[in-house]
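Trainee: Prediction below, plus the sequence it came from.
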Amino acid sequence: MVLLKKGAEILYKEKFEKSRGVKLKGEAFSNVVKNKSQEFKVITKSTITRVLGTSFSVIEKEKSKDVEIFLYTGRVLISGNDKNGSWSLVPGESLEYSKGIGSIKNFNINLSFETGNKFIDVDNLQVEELFDFLKK
């Protein structure tokens, strides 16, 4: 399942015979069914994100090659199209990729509707954390 944000586009083959994958322009959340024999790829202008089964978001910044990837479940492997490195994420980590440089950061997976949350408990949050979430 791929949920596209407003203005996002994906290109894909009609049938996933040898590989599963999409080319992404914009922002999308993906929930990929596990298939050990066939990885799923999300290709942007500057990165390739590979998964076997997981949920994650890929955000390609408008009018640049900057990309952010947020992992909610499972594992992902990310590489730069320019061959400048590769990174592996675990749930609660994100990668910011800009100009060939990747930076891994932690984020609160409970502050997301992407994981299927219908409600978010804000009682124990710091105000800055809540404002960041609301801004996004």
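Mentor: Arrived safely, thanks for sending. These figures come from a predicted structure and were not determined experimentally.

Trainee: Show me where this structure dips below the pLDDT cut-off.
Mentor: Within the chain, the segments meeting pLDDT under 70 span 110-126, 129-130, 133-136.

Trainee: rerun that using 90 as the cut-off
Mentor: Applying pLDDT under 90 to the chain picks out residues 1-3, 5-6, 12-21, 31-40, 52-55, 61-65, 72-74, 80-85, 99-101, 107-136.

Trainee: Show me where it has its strands.
Mentor: 2-4, 9-11, 20-25, 27-32, 40-43, 47-51, 54-60, 67-73, 76-80, 86-89, 93-98, 101-106 (DSSP state E).

Trainee: In the fifth one, which of the residues would be classed as buried?
Mentor: Residues of strand 40-43 classed as buried: Phe40, Val42, Ile43 (neighbour count, 16 or more other C-beta atoms under 10 Å). Where C-beta positions appear, they are placed from N, C-alpha and C, glycine not excepted.

Trainee: can you check the second one too?
Mentor: Using 16+ other C-beta under 10 Å as the burial criterion, the residues of strand 9-11 that qualify are Ile10.

Trainee: which outside residues touch it?
Mentor: Strand 9-11 is contacted by residues Val2, Leu4, Val22, Lys23, Leu24, Lys25, Gly26, Ala28 when judged by C-beta atoms under 8 Å, 6 or more residues apart in numbering.

Trainee: Stretch 42-50 too?
Mentor: 21-25, 28, 30, 39-41, 56, 58, 60, 65-67, 69, 76-82, 97.

Trainee: cool, and stretch 68-78?
Mentor: With C-beta under 8 Å, 6+ apart, stretch 68-78 has contacts from 32, 34, 47-59, 61, 86-97, 102, 107, 109, 112, 114-115.
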